[in-house]
Every structure is written in C-alpha cells, then in structure tokens.
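1. I would like the atomic coordinates for the input below:
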Amino acid sequence: MFIQGRHALRFLVRKVYYHRNYVQINLNTETLAPLSCQCQNYNREINALLPRELQLDTNSPIPRRVPGYKKHVLVLSPQDKSATELEWMSHWQSKLELNPLWPYSIIGKLKSYLKNTKLGSDVLVNAISMQSGSIKAPKRDPHEKAHIFVLPDMKLYKISQSDVEEFAYFLGEGHTKPLADHKLSFTDFLKGADNVTNETDIIPESRSNNEIFEYEDNLADWLLVCGHNQRDRRCGLIGQALIKQISAEGLYKDKNIAVISHIGGHKFAGNVILYNRTGFNKETGLNQLDSLWFARISPPNIIPLLERINAGEIPKEYYRGGLSMN
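-> Model prediction:
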C-alpha cells in the first residue's frame, strides 16, 4: 500500500516558470465583449444538447492545477475507417486502458509496468488521433507495431507487442523494486503513507538486456484537443467542433494536431494542451518544451487563444496551468 502511494498522481498548483516569458492577460475585456457573448451563446447551444447532469460549468473558476509529470506518452490510433466513422469516436471506450484490442491494449500494460519504474506516475499515457501534421496514423492492422510519440523527447517509436514491458522500463528510466525487508514502525504510521513512502528505498534491478529502441525525431509543436466522447459527451461535442474550426481556418499548419483521450476537466470543456518547443537545453542538450493547459475553449475563442499564445500571452480566463519540461 505504501509503495503504491509513491506513484500517486501529483498535481501542480505552484507558480510555473516557463522557458518562454509569457505574460498573463485578461482576454474578455470590454473591447472583446462580442467574443464573450459568442462564447456564452455557444455554451448555451451545447448545454441544450446535454442532459442536466452534464451541463457545462460556465461560472466556477477554472482550477489552476495540472498533473505533475516528466513525460507524456501518446499512443497513436489507427486510421479512421472513413470520413464519417472516426476512430476516436467509435473505438475510444470510457476507460481506454481496459480496451483489449491492439494497439489500445498497450495503454493499460504501459501504465501497469510504469508503476515499477523510477519515474512511476510521472509518465502520462494517452491515446491520440492524428488530424494533421507530419506524423501519420498507423494502418488498421492488428499486426502493425504500436506507434508511440514521447514528449519532451520528441521521438516516435514503433513497438511490437513482445517489447511492451521492456519499453515501459525504458520510458520509466529503469525497472525498480522495493526492499523486501522494509518494515513499518509506529513512527512510520504517525508520519502518514506519503511520507513513509518517500523514505522507502527503491533499488534498480540489474537488466543485461536493456534495449535501445529505434525512433524517428519530430520537432514540431503540438496542439491536443480532448475529444474522449465515450468518457464524457461534453468533450466529444466540443472537441469535434474545435477540430473542424481549426481545420477550416487553416490554423497551426506547421504543427501536429490531434484529438487526445481523457485529460480531466470535463465540466470545463473544451480542454486543450499546447506543447511549444523552445529549443535545446544548452547544458543537457535535451529538448525544452512549455506545456500549456487550457479549458473552456470553443470555436469562438480558439483563434484569439492561439493568436495570444503566439504573441507570448496567456489568457487567464481559460488557463488551467502548465509546466516547463527539461
């Protein structure tokens, strides 16, 4: 119980220092009153399509917290069957990690194996469905390797079913195990589970077959729109509308755009994550990324949001939080 507590999902509520110097602004000022009205009208239209228990929350402050993580693993969905039969609409069940079909079955397996790694829950795992960009969706073939993009590494891996466990340990920076002889004392009990867990020694297992997996580099920025329809209808409706708006306006043509599975904040849909690469860390040589999370994004305000972000400004009304990576 205490060992598992070490990997409980953490949330960041502290002030974030990004690689780029963003300025937080109020977007809904008097000069942009028409935009606010358009958003309100759109939300009313969406709520009219939803049952009472799934109404969008348009009044509560957006919680300023996001998961604390070091890597984001994106499992690519196969190609859509057709323009009307979308993979993310038809095959993303509510709890996607329970899907037994390949490649989705890799999600649950990765999460399970990652619990016994150095990084643990510091690795987020989601499914994505590519909408545009330089990365193409894999073929609809049960024998096809799973295509997995890892941030902030900016690498695309292709993993076979037999390599999932080793790949998880690779992602988590090493397979670990708790010391078998650790016994809880009464003092441990008084400290609480989290504190005891932090003091519990975790040692790396020696693995002579530590593989280096082949990859393709892709340094483009990302725009991820939550559209997990079977998890929450609000995200399905608004996510699909956002993708159509982005496509119609020709936005972010030089970036990778995808629908992403559950990232929380359903009652504040639509939810969007932006990954903006700022270059390489001069000391480590690693990719530096800013991860920006937003909520209450809809077709009327997606363009102003992206324009402000490109100008180095963060609209506070829609800001969920974020973090700098590497």
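
2. C-alpha from now on. contacts and neighbour counts both.
-> OK.

3. confidence score at residue 38?
-> Residue 38 is assigned a predicted lDDT (pLDDT) of 89.

4. should've said residue 272
-> Value for residue 272, per-residue pLDDT: 98.

5. ok, residue 227 to residue 114 distance?
-> 25 Å (Cα to Cα, to the nearest Å).

6. the two: which has the busier surroundings?
-> residue 227 (34 against 29; other Cα atoms under 10 Å).

7. surely residue 274 and residue 289 touch.
-> No: here residue 274 lies out of contact with residue 289, judged by Cα atoms under 8 Å, at a distance of 9.7 Å.

8. which of the two has more residues huddled nearby?
-> The neighbour comparison of residue 274 against residue 289 (other Cα under 10 Å) goes to residue 289, with 26 against 20.

9. what are the ranges of the strands in the stretch 51-200 of the chain?
-> 66-67, 71-76, 123-132, 146-151, 155-159, 176-178 (DSSP state E, counting those that start in this stretch).

10. just the buried positions in the second one, please.
-> Right, the one you point to is strand 71-76. The neighbour-count check on strand 71-76 (16 or more other Cα atoms under 10 Å) flags 71, 72, 73, 74, 75, 76 as buried.

11. who's in contact with that strand?
-> Residues outside strand 71-76 that contact it (Cα atoms under 8 Å, 6 or more residues apart in numbering) are 103-104, 107, 122-130, 137-138, 146-152.

12. and with 7 Å instead?
-> Around strand 71-76, the neighbours that count as contacts under Cα atoms under 7 Å, 6 or more residues apart in numbering are 122-129, 137, 147-152.

13. which residue ranges of the protein form helices?
-> 2-5, 33-48, 87-90, 105-114, 164-171, 186-191, 193-199, 233-249, 299-310 (DSSP state H).

14. how's the chain carved up into domains?
-> 17-66+219-325, 67-215 (automatic domain parsing).

15. lowest average confidence across those, which one?
-> domain 67-215 (a mean of 86).

16. that one: end-to-end distance?
-> For domain 67-215, the first-to-last residue distance is 26 Å (Cα to Cα).

17. try stretch 105-122
-> 20 Å.

18. repeat for stretch 57-74
-> Using Cα to Cα, the two ends of stretch 57-74 sit 28 Å apart.

19. what of stretch 62-74?
-> 25 Å.

20. chain center to that stretch, what's the gap?
-> 7 Å (Cα atoms, centre = their mean, to the nearest Å).

21. pull the number of nearby residues for residue 87.
-> Around residue 87 there are 17 residues (other Cα under 10 Å).

22. no, scratch that, I was asking about residue 162
-> 8.

23. now do it against residue 106, distance only.
-> Per Cα to Cα, residue 162 is found 11 Å from residue 106.

24. just checking, residue 110 touches residue 167?
-> No: applying Cα atoms under 7 Å as the test, residue 110 and residue 167 come out as separate, 8.2 Å apart.

25. how many neighbouring residues does residue 37 have?
-> Neighbour number of residue 37 under other Cα under 10 Å is 13.

26. show me what contacts it?
-> Residue 37 touches nothing, counting by Cα under 7 Å, 6+ apart.

27. out of the helices of the chain, which is closest to residue 285?
-> Among these, the nearest to residue 285 by Cα to Cα is helix 164-171 (18.2 Å).

28. for the closest one, the distance to its chain's centre please.
-> Distance, centroid of helix 164-171 to centroid of chain: 19 Å (Cα atoms, centre = their mean).

29. stretch 315-326 too?
-> Worked out by Cα atoms, centre = their mean, stretch 315-326 lies 13 Å from the chain centre.

30. ok, now stretch 41-49?
-> The answer for stretch 41-49 is 26 Å, by Cα atoms, centre = their mean.

31. do the same with stretch 243-251
-> So, by Cα atoms, centre = their mean, the centroid of stretch 243-251 is 21 Å from its chain's centroid.

32. may I see the buried residues of that stretch?
-> Neighbour count says stretch 243-251 has 243, 245, 246, 251 buried, by 16+ other Cα under 10 Å.

33. can I get these in JSON lines with distance to residue 222?
-> Shown next, in JSON lines, are those (distance: Cα to Cα, whole Å):
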{"residue": "243", "distance to residue 222": "13"}
{"residue": "245", "distance to residue 222": "16"}
{"residue": "246", "distance to residue 222": "13"}
{"residue": "251", "distance to residue 222": "12"}
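
34. that'll do, ta.
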